[in-house]
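Chemist: Pasted the sequence and its predicted model underneath.
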Protein chains: 2
Amino acid sequence: MRKIYLEDTPLREAQHNLLQRVPFTAETELIPTGAALGRVTAEAVLAKVSMPNYNASAMDGIAVKAEKTYGADEQRPVRLKLGEDYVTVDTGDPIPNGFDAVIMIEHIHQIDEQTVEIMEAVAPWQHIRPIGEDVVVGDMIVPAWHKLRPVDLGALLAGGILQVPVLRKPKVAIIPTGTELIPPAEEVAEGEIIEFNGTVFSAFLQEWGAEALYRGIVKDDYNLIKAALQQAVREADIVLLNAGSSAGTEDYTVHVIDELGEVLTHGVATRPGKPVVIGLVEDKPVIGLPGYPVSAYLALEWFVRPLVHQYLGQIELQRPKITAKMGRRVVSVMGAEDFVRMNIGCIDGQYIANPLTRAAGVTMSMVRADGLLRIPAGHLGYEQGEEAEIELYRPIEHIRQTIVASGSHDLSVDILHSLLREIHPEQFLISSHIGSMGGILAIQKGEAHIAGVHLFDEVSGTYNVPFIEKYLPAQDVVLLQLVYRQQGWIVKKGNPHQLQSAADIANKRLTYMNRQRGAGTRLLFDYLLKQEGISREQIYGYTREAVSHLSVAAAVAGGTADAGLGIYSAAAAMDLDFIPVAEERYDLLMSRKFYQSEQGQTLLELIRSPRFREQVESLGGYSCRDSGNMVYESNRR
Amino acid sequence: MRKIYLEDTPLREAQHNLLQRVPFTAETELIPTGAALGRVTAEAVLAKVSMPNYNASAMDGIAVKAEKTYGADEQRPVRLKLGEDYVTVDTGDPIPNGFDAVIMIEHIHQIDEQTVEIMEAVAPWQHIRPIGEDVVVGDMIVPAWHKLRPVDLGALLAGGILQVPVLRKPKVAIIPTGTELIPPAEEVAEGEIIEFNGTVFSAFLQEWGAEALYRGIVKDDYNLIKAALQQAVREADIVLLNAGSSAGTEDYTVHVIDELGEVLTHGVATRPGKPVVIGLVEDKPVIGLPGYPVSAYLALEWFVRPLVHQYLGQIELQRPKITAKMGRRVVSVMGAEDFVRMNIGCIDGQYIANPLTRAAGVTMSMVRADGLLRIPAGHLGYEQGEEAEIELYRPIEHIRQTIVASGSHDLSVDILHSLLREIHPEQFLISSHIGSMGGILAIQKGEAHIAGVHLFDEVSGTYNVPFIEKYLPAQDVVLLQLVYRQQGWIVKKGNPHQLQSAADIANKRLTYMNRQRGAGTRLLFDYLLKQEGISREQIYGYTREAVSHLSVAAAVAGGTADAGLGIYSAAAAMDLDFIPVAEERYDLLMSRKFYQSEQGQTLLELIRSPRFREQVESLGGYSCRDSGNMVYESNRR
């Protein structure tokens, strides 16, 4: 296999090269009108019947001959005879031959069973719904290439169209490749990766109006991939090969496309998403998507969404954009268009955006993202406080109704989040885990509504308050007690190294997994080291940072670390042992303004609710005995 | 049946009364994650496995023990032995026990099969994708009441969630009632109405995330309706009864709900949509929707959409709004909230909105509407030129890309519309039929891009130009030839009254169907009357106005008129006879600015295309021999 290097083709150019080379001629199919919601018409549709198909009474009343009513007024009422001069009609009834107007029941005076009297002349065709008022035979109900909405279906049926000619959905074959891939499972062995990209592709394709053909997983074998591609090209309009799109020794996509057809682009100048292969095999577009989920989904949107829209003759709607202030500095990768997933909060009417992790393997960053920041190639990025335009992944109404949680991560905040969604579905919550100190600074800078903090002060022996007094002397804030929780050593089942203290880690030369700077748990560890007279250098792994309790536990469970400091529930989740060290206070810091707001009071109510307490305490290692108490408030000035 | 009068309950009050009385407790069901797109989670979902489930190499290269690399640099390269100091790994491979870093293949120097040399020391855990980098066991992937998007499905599968607990879709039973109703058909007898509202309701409900249970048509019979409602209440969460919701003699809905449960509201203060019945039967909401399609769809959105959203714990997103200038006066109905369907065009950067018909029976007005204007109760409406806020039915991007056609209606404009959609899917066209004179005024006032005109000038014996010179003396406009078309008498098959001239209509006392004021066809008729010395008063039906050729033909076909003046294709569409009277020129008037714009040139290209000519001429009665010629242009000043 010859060595291949990735190009740096600009995104727009790669898109253009693809779209102009694809000679789609969509097929047409006739489908029942009732099943045509969201489908695209293949031609103009003309009405086959008129609606209504006859002249109908528009009122309850009597049908009359208008000329027989001429001259009637209050002084000279006119009498009409049943059958000869009038007949009774209800709304929707046909107007019998020879009659040409309707008088409302309220305006007639019944003299006897055969006679009515009227006080007013009527014009011909009054209160008659004329034939074809809604739809007339031959009327164009909808033009070609029209995406059918609910009301269109009604008009089509009203016009006697029982079957509607629509464009066949484009078929998109999805071929997952990779020897390490397994179908979704609850038991995953080492070296196995669950294949889930195909499901995400299918769901996107469904939303865009295409039909996904999911193929089975193909091993990293040139001939197997080639055979799968050959078959897919026969059956589908577009083919997706997932993973193997880069330039490594087992990346076969570019070679297979090259053998069977033509490679248009290999490598686009974007981060993430660079290793994309775009080609044509038998005139059909074949897209090799990167294996990392984030890269794959972005590339799908860049290259496959326009293909589907082009096939269906639809224009792509842009996502709405907003201008937001950067909560942190966002540095760009030089020489490439940069796409950064962002969290966005609306705090005191100002949109604040913070970057999520840029690792392309983190699907959760797509789940958590509120929007996407695009940094053009050659642009250096944004400084903290600068404004930039962000494309929204969530409706702006949701972002405005979102509580932004910052600071330290705790599972009780997740529980609060889920309860909030259940009880107040109009409210949302996003949380970024940047440690307790980060949370205090976020409140200081107005970048978060609430911040979880658990900072132990060595001098006073108390939690949180000394730090708030030091860092937020001029701000009007409130500190609410959320939970008490146990911190302790997280170790393998049975505590194989008999760990009891920080000194043991140094003395027994164990591998430690630390937490990131600014995390309360790290401060606690530093305090323990100091108490026991151990230096940081004595701890193998001190510089290694995990960003959550669960990540620490995962490192221990996976054998990368012998020990870490964290909470009971994280150890329990991974079936590890837990040696208690201290009970600490985990509080929520917020501005008084937020505390007094409707959202703040909603949150307080949830924190004090029995459901919150039950759910948190059932995790183990927690106490909610003071949850919702106000621990501290600034002196009001 | 006792007489019942409709209330005038304000819309908000009626909505509030309903929503606060409905005690939904949604059921939960477990469904495969791959099938959960768009569904709403019933609880928070926590990861069952970590992703990755092991420490994986993030690069192609070798796994090493970091401490063995310490001290390496260009002067003092370090040699590593296979098996002991390093093993080969590809991206995604597990890191074997005892190794703690990865070196990229590009940075190693192979000495022999068992030995490599490195020039740089590496830190522990470099290029290792740690266990749980994406998802960690116990992580909350999505909270409760979360509507699942494609990326969520990926994260769920990555976390080992094969089945996801979601809220069961609310079941909404649809009971169409009416003795005149028939299932959709291509043959409709007099007195029969196609039942299509149910299909529209189903489609809306599907879009909102509910499950529609369509019941068969029930005749207007109290006991049949009662039985159908009783059964529906057992099987569904919400029941819709369609038609019979007013206060007439055969309107049973309110009585049936009253007998089986409780009526909350009967009659809301809106136009259209007033005759709505809202009730509860066995704690389940039962909504009686009006029969007229427009009223029914608006009421569905007002009362059923919030119920579905409440059931699913979702907030309703508002449609986007724009501010537009009224192209015509819009008068409000006093004492009621008024909802007016509007066409919106963007002409020279200004949004111009014109009301569509306000008849509640015209489904096509919903198909054609770009937005909805709400006029509060007590507000008098809007003068021409006043601005008002309009809720959009179509994306704003589409409205900006829409050519606004005005003036006289001709089928060739529909063909142009459909070709435009096919060849330029990014372009749209809306047309309002207000007659040739209306079209000239629309161009004058900047309310349309193009106007179809066919106005015969008696003095000069020519078409259109004298009118443009008279009414648009100061504007820079262009007149393009669209088609020649035959005008003639439209009569029943076999011409039973041997109609040959306008005089015959008067002399034989035939019933005529005229066109609206300002229509070119009306002017032609007036000219014919004058030539033959017939007065308007001698024509029975002169004052009766149809707004299109097809409507005239429909009146003849339906027996409401013996004759009308119109084009060949309209007669042919309804299998009528056609006696030619004159060939006339149907032109398109537009500003020079539009003519020179990209949209204008696109249109010109289509008009001159063979496909346009073929399609138009195949209708019969048309000639495209001069289509696309410029007939007239203003003197440039």
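Modeler: Sure, I can see it. Since this is a predicted model, take the numbers as computed values, not measurements. Residues are numbered from 1 along each chain as shown, chains lettered A, B, ... in the order given.
Chemist: Helices along the stretch 301-450 of chain A, start to end?
Modeler: A:305-311, A:363-368, A:396-400, A:411-423, A:435-444 (DSSP state H, counting those that start in this stretch).
Chemist: Kindly export the fourth one (C-alpha atoms) in PDB.
Modeler: Once side chains and other backbone atoms are set aside, the C-alpha atoms of helix A:411-423 remain, and they are given as PDB (Å, rounded to 0.1, in the frame of the first residue of the first chain):
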ATOM      1  CA  LEU A 411     -23.900  13.700  41.000                       C
ATOM      2  CA  SER A 412     -26.400  15.600  43.100                       C
ATOM      3  CA  VAL A 413     -26.300  18.400  40.400                       C
ATOM      4  CA  ASP A 414     -27.200  15.800  37.800                       C
ATOM      5  CA  ILE A 415     -30.200  14.800  39.900                       C
ATOM      6  CA  LEU A 416     -31.200  18.400  40.300                       C
ATOM      7  CA  HIS A 417     -31.000  18.700  36.500                       C
ATOM      8  CA  SER A 418     -33.200  15.700  35.900                       C
ATOM      9  CA  LEU A 419     -35.800  16.700  38.500                       C
ATOM     10  CA  LEU A 420     -35.900  20.200  37.000                       C
ATOM     11  CA  ARG A 421     -36.700  18.800  33.600                       C
ATOM     12  CA  GLU A 422     -39.400  16.600  35.000                       C
ATOM     13  CA  ILE A 423     -41.200  19.200  37.200                       C
END
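Chemist: can you list contacts of that helix?
Modeler: Applying C-beta atoms under 8 Å, 6 or more residues apart in numbering or on different chains, the contact partners of helix A:411-423 are A:403, A:405, A:427-429, A:431, A:452, A:482-483, A:485, A:549, A:567, A:569-570, A:586, A:602-603, A:606-607, A:609, A:611-612, A:615-616, A:619, A:622, B:43-44, B:138, B:140, B:143-146, B:313. Where C-beta positions appear, they are placed from N, C-alpha and C, glycine not excepted.
Chemist: Present the helices of the stretch 301-450 of chain A as a markdown table; the columns should include mean pLDDT and mean neighbour count.
Modeler: Converted to a markdown table, these look like this (pLDDT from 0 to 100; neighbours: other C-beta atoms under 10 Å in any protein chain shown):
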| stretch | mean pLDDT | mean neighbour count |
| --- | --- | --- |
| helix A:305-311 | 96 | 20 |
| helix A:363-368 | 95 | 24 |
| helix A:396-400 | 93 | 16 |
| helix A:411-423 | 91 | 22 |
| helix A:435-444 | 93 | 25 |
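Chemist: Out of these, flag the one nearest A:Ala557.
Modeler: Nearest to A:Ala557, of all the helices of the stretch 301-450 of chain A, is helix A:411-423, at 16.9 Å by C-beta to C-beta.
Chemist: Pull the distance from that closest one to the chain's centre.
Modeler: Offset of helix A:411-423 from its chain centre (C-alpha atoms, centre = their mean, to the nearest Å): 18 Å.
Chemist: So, low pLDDT: which residues of chain A?
Modeler: Within chain A, the stretches with pLDDT under 70 are A:1-4, A:636-637.
Chemist: try 50 this time
Modeler: Low-confidence regions of chain A, defined here as pLDDT under 50, cover residues A:1-2.
Chemist: First-to-last residue distance for stretch A:85-100?
Modeler: 11 Å (C-alpha to C-alpha, to the nearest Å).
Chemist: One more: stretch A:187-202?
Modeler: Termini of stretch A:187-202 sit 24 Å apart (C-alpha to C-alpha).
Chemist: same check, this time on stretch A:191-203
Modeler: 27 Å.
Chemist: Repeat that for stretch A:288-308.
Modeler: Using C-alpha to C-alpha, the end-to-end distance of stretch A:288-308 comes to 16 Å.
Chemist: all strands for the stretch 501-637 of chain A, in order.
Modeler: A:512-515, A:545-546, A:563-567, A:577-591, A:622-623, A:630-633 (DSSP state E, counting those that start in this stretch).
Chemist: Pick the most buried one from these.
Modeler: Of all the strands of the stretch 501-637 of chain A, strand A:563-567 carries the top mean neighbour count, a mean of 28, counting by mean count of other C-beta atoms under 10 Å in any protein chain shown.
Chemist: which other residues reach that one?
Modeler: A:410-411, A:485-491, A:497, A:499, A:505, A:510-515, A:521, A:524-525, A:528, A:546, A:549, A:552-553, A:555-556, A:581, A:621.
Chemist: Isn't A:Gly267 up against A:Gly273?
Modeler: No. Using C-beta atoms under 8 Å, A:Gly267 is not in contact with A:Gly273, being 9.9 Å away.
Chemist: Which one of the two is surrounded by more residues?
Modeler: A:Gly273 (27 against 22; other C-beta atoms under 10 Å in any protein chain shown).
Chemist: Assign that one to helix, strand or coil.
Modeler: Look at A:Gly273: counting by DSSP: H, G, I helix; E, B strand; the rest coil, its state is coil.
Chemist: Give me the helices and strands touching whatever helix or strand A:Glu117 lives in, please.
Modeler: Take DSSP states H and E as the rule and A:Glu117 turns out to sit in strand A:115-118. Judged by 3 or more C-beta pairs under 8 Å, 6 or more residues apart in numbering or on different chains; DSSP states H and E, strand A:115-118 is in contact with strand A:78-81, strand A:108-112.
Chemist: As JSON lines, these with distance to chain B and mean neighbour count would be great.
Modeler: Shown next, in JSON lines, are the helices and strands packed on strand A:115-118 (distance: least, C-beta to the nearest C-beta, whole Å; neighbours: other C-beta atoms under 10 Å in any protein chain shown):
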{"stretch": "strand A:78-81", "distance to chain B": "20", "mean neighbour count": "16"}
{"stretch": "strand A:108-112", "distance to chain B": "14", "mean neighbour count": "12"}
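Chemist: could the ones you listed be laid out in JSON lines, adding distance to A:Phe339?
Modeler: Formatted as JSON lines, the helices and strands packed on strand A:115-118 follow (distance: least, C-beta to C-beta, whole Å):
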{"stretch": "strand A:78-81", "distance to A:Phe339": "77"}
{"stretch": "strand A:108-112", "distance to A:Phe339": "72"}
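Chemist: pretty sure A:Ile396 contacts A:Thr323?
Modeler: No. Between A:Ile396 and A:Thr323 there is no contact under C-beta under 8 Å: 11.8 Å.
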